[in-house]
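>>> Quick one: sequence plus predicted model below, questions after.
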Amino acid sequence: QVQLVESGGGLVQAGGSLRLSCAASGRSDSSLAKGWFRQGPGKEREFVAAINWSGTSTYYADSVKGRFTISRDNAKNTVYLQMNSLKPEDTAVYYCAAHVQTRTLVSGTGDYWGQGTQVTVSS
C-alpha cells in the first residue's frame, strides 16, 4: 500500500507561481508512475501532468503545457508540480495519483490517490 500526501497549495495572484509536492509513504513507490489531477468548482476531475517511474518521460494537458513542470525525486519518494504563470482557471483541488502504468495514469485511472491540496488563483 502507498499513501500519498500533497502539500504546497495556497492562494496566489494571477501570474504567480506555486510548487506542489506529493510525498509517498508505505511500500516503495519508485516503480510507479506519478501524476497530478485537478478538480475545479463545478467541474469534473481532469488530468494535469504525469511522469514515468524513472522521470525520463513526462506528459501534460494542453491547458498547462509550457507553464507547469512535473518532476520527481525517487530518493525522497516525492513528486513535484511547479506551476508558473498561474491563471484564475487553474483554481482547483489538486490531487496526486500513482499507477504502475504511465498510460493508464494519464487516462485518469490511479491505484493510489492523495487527499488533495487547494490552489486558488485570484485575478
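It's in. Numbers count the residues shown, from 1 in each chain.
>>> and the helix or strand bottoming out on mean pLDDT in the chain, C-alpha only, in CSV?
Ranked by mean pLDDT, DSSP states H and E, the weakest helix or strand in the chain is helix 102-106, scoring a mean of 92. Output in CSV follows, covering the C-alpha atoms of helix 102-106 (Å, rounded to 0.1, in the frame of the first residue of the first chain):
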residue,chain,number,x,y,z
THR,A,102,2.0,5.6,-17.1
ARG,A,103,-0.5,5.3,-19.9
THR,A,104,-3.2,4.2,-17.5
LEU,A,105,-2.5,7.0,-15.2
VAL,A,106,-2.7,9.5,-18.0
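>>> For it, buried residues please.
102, 105, 106 (16 or more other CB atoms under 10 Å). The C-beta positions use only the backbone N, C-alpha and C, and glycine is treated the same way.
>>> just checking, what packs against it?
strand 33-39, strand 46-51, strand 92-99 (3 or more CB pairs under 8 Å, 6 or more residues apart in numbering; DSSP states H and E).
>>> Could you look over these and pick the most buried one?
Burial of the helices and strands packed on helix 102-106 is given as mean neighbour count (mean count of other CB atoms under 10 Å); strand 33-39 ranks first at a mean of 24.
>>> what's it in contact with?
Residues outside strand 33-39 that contact it (CB atoms under 8 Å, 6 or more residues apart in numbering) are 20, 22, 45-53, 59, 70, 72, 79, 81, 90, 92-102, 105-106, 108, 110, 116, 119.
>>> Give the pairing partners of it; include direction for each.
Using DSSP bridges, strand 33-39 pairs in its sheet with strand 46-51 (antiparallel), strand 92-99 (antiparallel).
>>> At the geometric centre of this protein, which residue do we find?
residue 36 (2.3 Å; CA atoms, centre = their mean).
>>> Who does that one form a beta bridge with?
residue 49, residue 96.
>>> Which parts of the protein are strands?
Taking DSSP state E as the test, the strands found in the chain are 2-7, 10-13, 18-26, 33-39, 46-51, 58-60, 68-73, 78-83, 92-99, 112-113, 117-122.
>>> Mean pLDDT added to the ones you listed, as TSV?
Shown next, in TSV, are the strands of the chain (pLDDT from 0 to 100):
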stretch	mean pLDDT
strand 2-7	96
strand 10-13	98
strand 18-26	95
strand 33-39	97
strand 46-51	97
strand 58-60	97
strand 68-73	97
strand 78-83	98
strand 92-99	97
strand 112-113	96
strand 117-122	98
